[in-house]
Structures are given as structure tokens and as C-alpha cells.
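Novice: predicted model and sequence below, questions to follow.
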Amino acid sequence: LTSFNTRLRYQLPISLALFQSVLLVVFILYVDYDDQSNNPSVSNATTTTKENQLYGTFPFFKDINVMLFIGLGLMLSFLKFYGFGGLAFNFLIANFSIQWSLVVQGFFYYNQDGRISLGIKNLVDAEFAAVTAMISAGAFLGRVSPVQLLLLCLMEIPLFVMNNWIITKYFHIIDIGGTVSIHVFSCYFGLGVARIFYHPELSLGHPKEKTTPNSDLMSLVGTVFLWIFWPSFNSVAATVGNAQHRAVLNTFLALSASTLTTFALSSLLNKKGQISLVHLQNATLAGGVAVAITADMIIKPAGAFGLGCLAAIACILGFQYSSPFLARRLKIQDQCGIHNLHGLPGIIGTLGSIIFILSGLVDSSNLKHNGELFHDNSFHDNTVLKVWGTGQTWDARDQALHQAAAFGVTFGVSLLGGLITGLLLKVPCVVHPSHEFYFDDKPFFQELLTVPPCLI
Amino acid sequence: LTSFNTRLRYQLPISLALFQSVLLVVFILYVDYDDQSNNPSVSNATTTTKENQLYGTFPFFKDINVMLFIGLGLMLSFLKFYGFGGLAFNFLIANFSIQWSLVVQGFFYYNQDGRISLGIKNLVDAEFAAVTAMISAGAFLGRVSPVQLLLLCLMEIPLFVMNNWIITKYFHIIDIGGTVSIHVFSCYFGLGVARIFYHPELSLGHPKEKTTPNSDLMSLVGTVFLWIFWPSFNSVAATVGNAQHRAVLNTFLALSASTLTTFALSSLLNKKGQISLVHLQNATLAGGVAVAITADMIIKPAGAFGLGCLAAIACILGFQYSSPFLARRLKIQDQCGIHNLHGLPGIIGTLGSIIFILSGLVDSSNLKHNGELFHDNSFHDNTVLKVWGTGQTWDARDQALHQAAAFGVTFGVSLLGGLITGLLLKVPCVVHPSHEFYFDDKPFFQELLTVPPCLI
Amino acid sequence: LTSFNTRLRYQLPISLALFQSVLLVVFILYVDYDDQSNNPSVSNATTTTKENQLYGTFPFFKDINVMLFIGLGLMLSFLKFYGFGGLAFNFLIANFSIQWSLVVQGFFYYNQDGRISLGIKNLVDAEFAAVTAMISAGAFLGRVSPVQLLLLCLMEIPLFVMNNWIITKYFHIIDIGGTVSIHVFSCYFGLGVARIFYHPELSLGHPKEKTTPNSDLMSLVGTVFLWIFWPSFNSVAATVGNAQHRAVLNTFLALSASTLTTFALSSLLNKKGQISLVHLQNATLAGGVAVAITADMIIKPAGAFGLGCLAAIACILGFQYSSPFLARRLKIQDQCGIHNLHGLPGIIGTLGSIIFILSGLVDSSNLKHNGELFHDNSFHDNTVLKVWGTGQTWDARDQALHQAAAFGVTFGVSLLGGLITGLLLKVPCVVHPSHEFYFDDKPFFQELLTVPPCLI
């Protein structure tokens, strides 16, 4: 038995058992159902669509589950020898992050007299947080151990919640689908970690870093699942009614525009006119990232459509030019190209939100602040925005500036957080795969048995 | 570089870029959100289940998305070397057709003062149109280029909208799930194109035209996804309330009857009693096609059940006898057997609708005309039907005759349209794969890279 | 032609054709739509969320469909040579069982003046019944013919309905998600059959009993689909409102706890710290089984979380210790380990329900009896439970005792039923595969054709 396996055998079970025990104690001491699901006498009283989370939130929650566990899971299982690593470790860190977020966000947002009040809404919020860790992990897919992944989640979730709180509370960002708070944050956090994990040898290629037609096809199926349910992701937090309806329409149009743009540009950039699978697996989703921040605004169908085209172009050019630049000059090896799918479209989306807000076209009533998800803050009126509570006047230019500032803060916080987390993950005592076992399921999953033990 | 690749590199990007540019201009000039999603002051007012498309239509829309992109995509990826062609080109033409339909149908049905009013309902309508192009393309799967597929969509969508308008407006067809308007139309359109693409050599077999156990299994998974969500497809346009409920029940029963019938008949027809995968992948869905036209009628559970059995039998016998006949005598090589899944069950469904209407059992209140989807036209009363607007009396026999006439019109329009479209697709300057690259991803998708560019 | 094939060719089609004919006659004579879907004049009147099954039940129904056909289908297709057997035979027996249940349950629960009244609720109930047969079949996956599977369903469904009726009517069990009525029942029924099918040679291993990385990955995808939609399964029958909300929360928390516990314990039990795929494919779901019986009770989030941890531990230890014991000592070769996923977590869940009920923490208003699904029986009040109808007083201890007794009855009925069914299935004239064709698609599915008949 190698020291790797010995350490894996202790660190993975112990860290998970410790985490589950702490969680159980926290749940016993501090967590209760929310008012809606707790009170036995309420019963059928709150069953109108608007008020009951089972009708208003649960359908969206299920869609987001399919995105996180099936969509992202399959998308990440594109490597020939690392299919289980892609799917199962995604499953692992999703659950770890959701549980951890329930606690962290619980104390931040769902605190009632020192106890966390739990409903389906908390689960949705927790999945919004979890997705950041899952995206970040894509930057160094196949190059770390599950223990390192758990450490990553442990660090990233509280930082995400904190950053989200800052950009909402102090920068009043409007970002219903999380372009800045989720996509930009997770991207630069992931790149920060990847910078620390720079490995010169990888630039020569790695013998196990390859795909098969079948693994690439299944990865594309994952992309399509993400594509289908992205409108639910971007609209779940929007004000019920016309704003949520718009969020669905805008997201769908942006995704559809991204898709055709991807086929066009991918073919154009190749000498033989052939389409790249990497482009298909990523750039078709770029519109969903870019439009998230303005999804519930009245940006008109053409606005969503245009954003989708631009985001896909940015994503593909990112794979072509920015990824090699990051790897060679900045020593950031971005395994899944999260900078292309989440960073660049995130920048485009932020710029888009600024332009739309400045254009005066945006009627911002019924919009909500991210982080203030599910609380009722229709704090703007049509021409002059008012910061809620304070009565301070606030115009479109103020909002535009604050959008930009929130982006800047998020960029800084996430990059710095990623660098520090990267250093922590690299502490030698934490179990990690050696270079030859990168992109390989073997160190982590049992050999397939010929005879299952139940029949012996 | 071959001339094929040079032409692919120009035609695919240029046609898509042109299309996206035109679309963007149309969106800017003519498309706006509908009243429900546009008006910022409406807010939560229209959030009742019945009125808000997010509750009434969006759940169905998502199901149909899974059917179109995952279900049909996986189902079409059954060929060993053409998995990406099946999944990705389906993704491509679905998006192209949806966008194109939004415009064409927008001017037909959602025109408000010269502007298109956009809501989730338009997206559902557009997907109903798109599915015709996607089905038709199955007739010559793997034998055309993506540019030819785009041309196909460009031609078929307006013809579908026009035919739908004719059979609704002038023939008052009752066809809630699109047996005639979608399935029969797409089938004979596709066969028309396939007739033009007849290739004698194919009858000797093609070395690349084979499946693998895994590709067949994934194709069956696609079928099962279609099966699961077919009740949503057939019921989305039905009148909310009992009619929609019936559409779900009837479709489920028809599909379930088809499934057991398929296992029985497929085993019976084989000398060794073995089940055919082609039958499983197709005939289990035949009931969904046949029952679509009567899905919201009171045809009783037994009616739906019987239709499902008959449709599966017709589909399997079609694979056994009609497909070889079409290929040898009529020179129509129907690659995926769309005539067996959409044509023959479509005929059975139409006959079924005529019989049910003549039987007098059918209480047709709350039924809607296809094409008049989502508009409120409960124009019938129980015994005597009245053509809406005119006050003209109308009895069951009139309706039955018009069902048959609508089928005839659809048959003629689609076949002729398909033949003409086929000639257009065969224009030599349009890029097309040579015979040796039929059923092959290679000409269209980049070779898998060993080292992704981001790490170099 | 072997006698196997000759018999298969007659028995499979004839048994299915006979079944479909009988069903059609029953449907004609006895089945009609329910009041909601039948009455054409009701129309939009019953479209409120609470009353209309399309809003209250249909979304859950679709989720359960994905679980049964995709989730379980993929999960069972983990064997290298038996992928179609896993997916397609699951599809077959699901449909057979659903139809059969519609009739059996129809006469039990939906009888109106001698006719069965059919709505979406019946379909959900039928799928609850069907899932028992599908789970039981896992105990001897790949070792029986489809004809034997149909016989199994024919026997098990009525027994399930009867047992369900007994434990509800006479033992007043509270078991909203079916821990006892579905999971325990199906497990011991399946083990009873497996006992009869004991085959000593299997303990030496079977050359075809192996998986591939891809088949294991797809099986894990199936598990994840089951995981995602399990909250819908456990909550569909709960009282609309807070009880249903709780059922979703409790199930999600239990599943999430199971998942992390699985990763921890699986790694700990392996010398190299490696995770077992069999554990991942099963134990991550154990929480869903265990919490089903208490899902709508106020067991607090910590209760659900703890149950999830315990269930996963039991499941994994079951694979490690109980399966070999069953095989060697009790001569029960449990192919898929259903005892580990459904039996042991079922016992834990039942014990949990007893403890929670005795603890006095459980406010049981709004709970419903299983089997009395969808009927309004909020028969308890907070401290003293009253048996509905009788007015007899009933306290928590009475209920706890009855939970235990219902478990005992179910255990006995199912095991005995399984043994008898096993004997019936082994009657020599029923077609069955020989030992060398265990775990093999070949006897049942046609060889893949190189040239489809449609092109010849």
C-alpha cells in the first residue's frame, strides 16, 4: 500500500465524518422547518401558487437539481479515464457545498431568533452557492484529490456568501441570475487556485488527458441538459409575475442565439470548416451566463438575443486566444476553460447590464437584488431609483457605477480567495494525486469486480 | 484541403451569420414581450395558475424541451460513427427552426399593430413547428450536410405554418396534439425530400451504417425520454381543465398499450422470438402519434388503449413490409423509418378521429383547433357544432369529412413541398457529403485533440 | 432453432397479447374517466391548484416517470452484456405492472358503481405498485426470461395491493412514501423468489457477470436521476400544504446525508481508501428509502439527516456483510443487493418511525395513511390519535405498536408470496434462459443489423 492510499483512506472518511457530525449537531441545535412547513395547523391554508413554495419554487428547484447533478455531472465526465471523477466528485462536492451553504446562509439570511428557518427556498439558495464551488473545481479537473475538493468548498462557500452580501448590501447590485455573484466569482476563484496548481509539464500534454467519442457525446448531453433548464436557473429568484416570465424569455433567446453563433464561429475558425466539440460543449451556454444579470429587466427580446451572440463569440475566441495566453503568460492552466464560459461572458453580461441601465430603457420595478432573493424589495421606481430604507435618491448612473464596482469587488475577492485557497490545498499533508495519476479514476475508485460479493 | 471543406467553411458560417443578423434586425424592429411579461406595473396581479404562463405553460414547455433536445437528440444518435451528427445537428436545426418559427408564426398569430408579441406560448408554438423539420430530417439522417439541413428548415417552417393555417381556418380540423398538422406533415415532407435523395447504391448497404450496443442503448434512452414527456406534448394546447386532463390520460394509455404491443409483435415476427431494437426505439411511441388528434376528446380510456395497440402494430408492420416497398418500388429510402412512426400511425389516428366523431360519443366542447392554440374558441356545443363566428350549423358528419379533407390537403402540400425542397437541397453548389462520408461525423466535427489548447 | 427460441416466440407474444386483450375488454366494460376529466361542462371550473390534478399531481407524476423509466432503467443496465435487458425489460414490466395495477387498484380504491374512475391519481397509485415489481426483479436480474418477469408482476401486484390494504385498514400504518408498503414488501418478495432461484454455480462467478466503465457510469447516472426526483416520490401522496413541503425537505436532507456518508464509509472500508461504485450506485439512495415512512412528519431536519446517515451505513455494511451471509447461509443470491438498498434501510426507517412517534415530537395532523392516498383523512390530533370513523381513542404507543405489526405482516406476506411466486416461475414449461445465457442480451434481442430493411 502506498502512502497515497493510506492517506486517502484516513483523510477522506475522517473529513467527511467530521463534517457530517458537526452538521448533525448544528441541525439538532439550530435548524428547524420554516413557518410554512412547520405549522401543522396551517395545512391547506397557504396553498395558493404564489405563497406555497411547493408550487412557486419546487418546480424550479428540481430543474436546478437536474442541471447541477446530471447536466454539470455529465458535462464534466468528458475525459476517457476520469468519467467517475467527473460525475461522482461533482456529486460529492455538490452535496458537501449544499449542506455547508445551508448552515452559512442560514445564519446570514434565514436567522429567526438564533435558529435557522428551513424551507425549499433555502435549498435553492444553497444550490446557488454550491454551483460556484462546482464551477471553480472545473479549472483543475482531474488534478486534485476529493479531500482537496472538500477543502475548496469549505473555503469558497463562506467567501461566496460574504461577497454576495457585500455586493448586495453595499453595492446594491442587480444580478438576478448571478452573472457576477456566481459566474464571475467562481471563475476567478477557480483561476486563483489553478494559478497555484500550475504544473509546467502539463503544457507538454498528458497521456491520460484524452476523450473518447462516447465520453464527448455524453458530455454534450450534459451541456444540453444545462441548456434546457438554464431559464429556470435565471428566473427562480425573480419576482413572481411578469419579471419571472421575462427572465425565462430572455434566457431562452440568449441561449438559442449562442447556439447558432457557436456553430457558425466554430466552423469558421477551423481550416476545414469543422465544428469543435469543446466549443459546442461550452459556448452554446455562454448566453445563459451573460444574460443572467439582466434576465428580469426589460432589455427587449433583441437585447437578450444580441447578448447571446456576443457571449458565444467571446467564449469561442477565449478558447482560441485567451486560454493559451493564460497558460503561457499567466501560468494559469484552466482545465475546462471556465474563464471562457464563465469569466468572459460574465464580463460581457456586466457591461450589458451597465449599458441597459444607462440607456434608460430599463424599467426596474419588480427587480430584486441578488442575495436578497425571495425578499420583497421592489425598491425602484421608473426613473429615479431609491435605495431602500434610506430614502436616498439614486439614478441610473449611480446604479451603473455600482454594477461596475460590484464586479470589481467580486473580481478581487474571488481571485485573492482563490490564491489563498490554492496555497491551503497544496499543503503537503493533504492527500493529492501524483502527476502520473492526473485525469485518472484509478486512484480513487475500486477496480471493477468480476464477482460481486453478494454471490460468493 | 478538399473543396468540400472549403465550401463547408464558408457556407455554414455565412448562412448562420446571415440568419442571425436578419433575426436580430427583425427582433429589434418588430418583436416585443407580450402584455403579460412586458408591463412592469402588472407585477403579481396575473399570477393565478390559469392566467400566468409560468404556471400554465412553462412546465409543459420544459417537458417539450427535454423531448426535442434530449429525447430526439439521443434517439437520432444511434449510428456508430454519426453520434454527434445525430445529437448536435438535431440541436442545430431545432434552434434554427425555433427562431425562424418565432418570426413566421409571430406575423401569423401574434401580430399586434405590426409587432410580434412574445411570450412562453410563442416558444411552445415555435417548438411545435420546429419538431416537423426535426422529424423530416430523420428520413435522410447522415446523408446531408448541416447547410442542407438549414435549407430544409428554411423551407419547411413556413410551409408548416401555412398548411396549419389552411387546415384550421378552412377545414376546421380538430387536432390538438398535431397528428395531421405535425406528424403527417413532417412525414410526407421528409419522404418527398428522401425521394429526391434516392441513392441506388445504398440498397447494397453502407459500411458505416451500423450501430453499437451502446449507441443503440442510448438511442433507446432517448425514446424513453420522448415516451415520458409525450403526454405533455399532446396536452399543452388543450383547454385548461378537464380537456387537458383527458389529453394526459389518453396519451399515457395509448403509449403504454403501444409498448406492450411492441414487445409482443416484435417477438412474434422474429424466427427466434427475439425483440428488435428498431421496433423498441420506434413503435413504443406510435400510440403518442396516433392519439394526438383525439387526445382531448372523450374517446374513453378504451379508445386510447385500442389506438395505442393499433398504432404499434402498424408501425412494426411498416418496418417489416412498407419500408422495403417504399425503398424498392417508390425509391424512397426512409433512413429512420419516419413513415412507420409518423406516417402510418398518423393515418390510423386520423381514421380514429373520424370514427370517434361519427360515433357521436365525442362531446367536443372545450376542444380547440390546432393552430388556434391558446386562443379561446370553445365553439362547439354538445350535439350540433357551430363554426365559430359564422353561426353556420355543422354536424358530426361535416366535421368528419373535414378531418379527412385536412389530411388530404396536408398529405399533398407536404409531399409536394418535400419534393421541391429536395430539388433545392440538391443544387450542386450547396455543400453535401459524398457517398463514402455518409453516416460519418468526420467531415463535420474536429478530430479530438490530445492536448487542449488551454494547457499548451 | 433451439427449443428455447421456439418457446420464447410463442410464450412472450401470446402472454402479452392475451393480457392486452383482457385489458381492452376490462377498459371497455369497466373503466371511465374520473369526474374531473370526464365532465365536459366543468371545464375551467376546477383549475385551482389544489383541486386540479394537472397542477397538484401531474408534475409529481412526471418526476416519478423519470425515476421509474430512466432512473431505474439506467441503474439496472450496469452489466456489460445485459444493458438492454436492464433498460428494456424494466420498461416492459413497468408498463405491464402499471396496466395491471390500474385494474386491480381500480376495483379496490376507485370503484364507482361498479366502474373504475380514472384520473392522474390512479396512474400515480399504479406506479407506486409497479415499482415494487421492478425492485423485486432486481434480486435476480439477468437470470430470468421476460415471460417469467411478467408472471412475477401478475402475482406481485395483487399481493401488494392486498397487503397495502391490510396494513392500512387494520394496522393503520402511517407510511406516506412507502418504506414498508413498497420497499420492505418488494425486498422480501424479491428475496423469496431469489431463494427459489438459488444456483450454487453462481457463487463461483459467471463469465458474463461484469461491468464496463461506461455501463457503470450510466448506471450511476440512473442513480442520480432517482436521487433528484426522490423527494417528489415521497411527497406526492402527502397532504397538500405544509406536510408535502416537509416531505420534500426531509427526503432531500436524508438523501444528501446518505451521499456524504456513502463516500466516507465506502472509502474507509477499502484497504486503499477507494470508493466502490456499487456503494455509490446504491447507498446514496438509502436515505430516501428510510425517510419515506416519516417524510411528512415533523421529525425535524436533524431527524431526516440522521436517518440518512444511518441508512447509508446500513446499506454499505449490508453489501459488505449481509449479502455474503444471505448467499452462503440462506442461499439467497441477491443480484442487485435489493436487501441492502430496500430491506435494511426499510428496517431502519420503520424503527425510526416508531421512535419518532413514541418521542411525542411528532405532530401527526395532516398525515395520511398510505393506501388512503389522496383521500382526506386528517384523523389525528396532536396528542391523542383517534382512529377515523370509530371514535376509538388511540395514543402514540398504539400507533407505534401498529407500525411494528404492519412491518411484521408485510415481511411475512411478501416473503411467503415471493417463495410461492418463485416456485411458479420455475415451472419447467415457462421459458427461461440456461445458465450460460445468464446476464446476456443475446437470447432476447435481435442481432444488430448492418443494413436496415428499409434501404434494401
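Specialist: Sure thing, it's come through.

Novice: check contacts around the residue in the stretch 201-350 of chain A positioned nearest to chain C.
Specialist: At 6.4 Å from chain C, A:Asn214 is the closest residue in the stretch 201-350 of chain A, using CB to the nearest CB. C-betas here are computed from N, CA, C, even on glycine. By CB atoms under 8 Å, 6 or more residues apart in numbering or on different chains, A:Asn214 lies in contact with B:Gly83, B:Asn214, C:Asn214.

Novice: grab the nearest non-local neighbour of the first one.
Specialist: If the residues on either side of it in the chain are set aside, B:Gly83 comes closest to B:Ser77, at 4.3 Å by CB to CB, 6 or more residues apart in numbering or on different chains.

Novice: and which of the contacts of A:Asn214 is nearest chain A?
Specialist: Using CB to the nearest CB, the contacts of A:Asn214 come closest to chain A at B:Gly83, 4.8 Å.

Novice: I'd say the closest one and B:Lys442 touch.
Specialist: No - assessed by CB atoms under 8 Å, B:Gly83 is found out of contact with B:Lys442, at 11.9 Å.

Novice: tell me where chain A has strands.
Specialist: Listed in chain order, the strands of chain A (DSSP state E) span A:31-33, A:111-112, A:115-118, A:385-386, A:393-394.

Novice: of all these, which one is nearest B:Ser276?
Specialist: B:Ser276 sits nearest to strand A:115-118 of all the strands of chain A, at 50.9 Å, using CB to CB.

Novice: between B:Gly83 and B:Lys442, which has more neighbouring residues?
Specialist: More neighbours surround B:Gly83 than the other of B:Gly83 and B:Lys442, with 26 against 16 (other CB atoms under 10 Å in any protein chain shown).

Novice: measure the residue in the stretch 301-450 of chain A that chain C sits nearest to to C:Ser276 for me?
Specialist: With CB to the nearest CB as the measure, A:Gln446 is the residue of the stretch 301-450 of chain A nearest to chain C, at 4.6 Å. A:Gln446 sits 5 Å away from C:Ser276, taking CB to CB, to the nearest Å as the criterion.

Novice: higher neighbour count, the two?
Specialist: Neighbours per residue (other CB under 10 Å) separate A:Gln446 from C:Ser276, with C:Ser276 holding more: 24 against 19.

Novice: correct me, but the more buried one touches C:Leu268?
Specialist: No - C:Ser276 lies out of contact with C:Leu268 (CB under 8 Å); the separation is 11.0 Å.

Novice: the residue lying closest to A:Ile28 once chain neighbours are set aside: what's it in contact with?
Specialist: For A:Ile28, ignoring the flanking residues on the chain, the nearest one in space by CB to CB, 6+ apart is C:Ala302 at 4.3 Å. Contacts for C:Ala302 were tallied using CB under 8 Å, 6+ apart; they are A:Leu24, A:Phe27, A:Ile28, A:Val31.

Novice: quick one: the second one and C:Ile299 touch, right?
Specialist: If I follow you right, that is A:Phe27. No - applying CB under 8 Å as the test, A:Phe27 and C:Ile299 come out as separate, 11.3 Å apart.

Novice: contact partners for the residue of the stretch 201-350 of chain A found nearest chain B?
Specialist: Here the residue of the stretch 201-350 of chain A nearest chain B is A:Gly273; by CB to the nearest CB that distance is 2.9 Å. Contacts of A:Gly273 were listed using CB under 8 Å, 6+ apart, and they are A:Ser267, B:Asn5, B:Thr6, B:Arg7, B:Leu8, B:Arg9, B:Tyr10, B:Leu12, B:Pro13.

Novice: adding neighbour count and distance to chain C, write those residues out as CSV.
Specialist: CSV is the format used below for the contacts of A:Gly273 (neighbours: other CB atoms under 10 Å in any protein chain shown; distance: CB to the nearest CB, whole Å):
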residue, neighbour count, distance to chain C
A:Ser267, 26, 29
B:Asn5, 17, 28
B:Thr6, 14, 31
B:Arg7, 17, 27
B:Leu8, 25, 26
B:Arg9, 20, 31
B:Tyr10, 15, 32
B:Leu12, 25, 27
B:Pro13, 20, 33
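
Novice: columns distance to B:Leu358 and pLDDT on top of those, output as JSON lines?
Specialist: Below are those laid out as JSON lines (distance: CB to CB, whole Å; pLDDT from 0 to 100):
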{"residue": "A:Ser267", "distance to B:Leu358": "53", "pLDDT": "97"}
{"residue": "B:Asn5", "distance to B:Leu358": "58", "pLDDT": "91"}
{"residue": "B:Thr6", "distance to B:Leu358": "59", "pLDDT": "92"}
{"residue": "B:Arg7", "distance to B:Leu358": "54", "pLDDT": "94"}
{"residue": "B:Leu8", "distance to B:Leu358": "53", "pLDDT": "95"}
{"residue": "B:Arg9", "distance to B:Leu358": "57", "pLDDT": "94"}
{"residue": "B:Tyr10", "distance to B:Leu358": "56", "pLDDT": "94"}
{"residue": "B:Leu12", "distance to B:Leu358": "50", "pLDDT": "97"}
{"residue": "B:Pro13", "distance to B:Leu358": "54", "pLDDT": "97"}
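
Novice: between these, which is nearest A:Lys210?
Specialist: Closest to A:Lys210, out of all of these and judged by CB to CB, is A:Ser267, at 23.1 Å.

Novice: not counting sequence-adjacent ones, nearest residue to that closest one?
Specialist: B:Leu12 (4.5 Å).

Novice: surely A:Asp279 meets A:Ile316?
Specialist: Asp isn't right for residue A:279; it's His. Yes - in this structure, A:His279 is within contact of A:Ile316 by CB under 8 Å, at 5.3 Å.

Novice: okay, and the common contacts of those two?
Specialist: With CB under 8 Å, 6+ apart, A:His279 and A:Ile316 have common neighbours A:Thr262, A:Leu265, A:Ser266.

Novice: hey, which helix or strand in chain A has the poorest pLDDT?
Specialist: strand A:385-386 (a mean of 48; mean pLDDT, DSSP states H and E).

Novice: distance of the one residue in the stretch 101-250 of chain A that gets nearest to chain C from A:Gln105?
Specialist: The nearest approach of the stretch 101-250 of chain A to chain C comes at A:Leu118, 5.5 Å away (CB to the nearest CB). Counting by CB to CB, the gap from A:Leu118 to A:Gln105 is 11 Å.

Novice: what sits against the closest residue to chain B within the stretch 51-200 of chain A?
Specialist: Nearest to chain B, among the residues of the stretch 51-200 of chain A, is A:Pro59, at 6.1 Å (CB to the nearest CB). For A:Pro59, the contacting residues are A:Ser232, B:Pro59, C:Pro59, by CB under 8 Å, 6+ apart.

Novice: was I right about the first one contacting A:Phe60?
Specialist: Read that as A:Ser232. Yes - here A:Ser232 lies in contact with A:Phe60, judged by CB under 8 Å, at a distance of 4.8 Å.

Novice: next, count neighbours for the closest residue to A:Pro158 other than its chain neighbours.
Specialist: Spatial nearest neighbour of A:Pro158, excluding adjacent residues (CB to CB, 6+ apart): A:Val104 at 5.2 Å. Counted with other CB under 10 Å, the neighbours of A:Val104 add up to 19.
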